[in-house]
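# Give me the fold of what follows.
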Amino acid sequence: MAQTPELRPGRRERRRPLAELTPERRTVLLAYCRIDELVPEEEPVFEVIYQAAVAYMEQAGVPEPEENSPRRGMYDLCVKALVLDSWDRREISAEAKSSVGENRSFRLMLNQLKHTQI
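Numbers count the residues shown, from 1 in each chain. Alright, predicted model coming up:
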């Protein structure tokens, strides 16, 4: 029997929808990435990169925290770092290394979020 897309394999909980790239989040991300303006062809790419960053955090065991929670700032910084890394590497060869894995601040924040998840 096929599973519904709302259920994770091996789990009974419902998957939360991925965070929407609101105009406010988009503006903040563009500023963080130092992008003045996206051309129309880049818009869907930027959206997918953002959704991939949010999905990475979710799959790493760090769901999106509530707005104004103590964890929100670290979560947002991790997502921004993932988006920037993916944006910078979108045209680089497969041999290129990710700067996120080498970013000590990112790794510390991600680990802290994972270890403090309730």
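# name the helices or strands packed onto whichever strand or helix holds R25?
Assessed by DSSP states H and E, R25 sits inside helix 23-32. Identification of packing neighbours for helix 23-32 by 3 or more Cβ pairs under 8 Å, 6 or more residues apart in numbering; DSSP states H and E yields helix 43-59, helix 72-88. Any C-beta I mention is one placed from the backbone N, CA and C, and that applies to glycine too.
# possible to save these as TSV with mean neighbour count and distance to A31?
Below are the helices and strands packed on helix 23-32 laid out as TSV (neighbours: other Cβ atoms under 10 Å; distance: least, Cβ to Cβ, whole Å):
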stretch	mean neighbour count	distance to A31
helix 43-59	16	13
helix 72-88	19	10
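# Before we move on, what's the pLDDT of the closest residue to V79 other than its chain neighbours?
Here the nearest residue to V79 in space, its sequence neighbours aside, is A53; by Cβ to Cβ, 6 or more residues apart in numbering that works out to 4.8 Å. On the pLDDT scale, A53 is placed at 92.
# A53 reaches W87, doesn't it?
No: between A53 and W87 there is no contact under Cβ atoms under 8 Å: 9.9 Å.
# one step back: centre of the chain to the helix holding R25, how far?
13 Å (Cα atoms, centre = their mean, to the nearest Å).
# Give me the neighbour count for the residue nearest to K80 when sequence neighbours are not counted.
Nearest residue to K80, sequence neighbours excluded (Cβ to Cβ, 6+ apart): Y32, at 4.6 Å. Using other Cβ atoms under 10 Å, Y32 has 16 other residues around it.
# In contact with Y32, which residues are there?
K80, V83, L84 (Cβ atoms under 8 Å, 6 or more residues apart in numbering).
# Distance check, it against K114.
22 Å (Cβ to Cβ, to the nearest Å).
# same deal with A60?
On the measure of Cβ to Cβ, A60 and K114 end up 6 Å apart.
# Could you do S105 as well?
With Cβ to Cβ as the criterion, S105 and K114 are 15 Å apart.
# for A19, same thing?
With Cβ to Cβ as the criterion, A19 and K114 are 18 Å apart.
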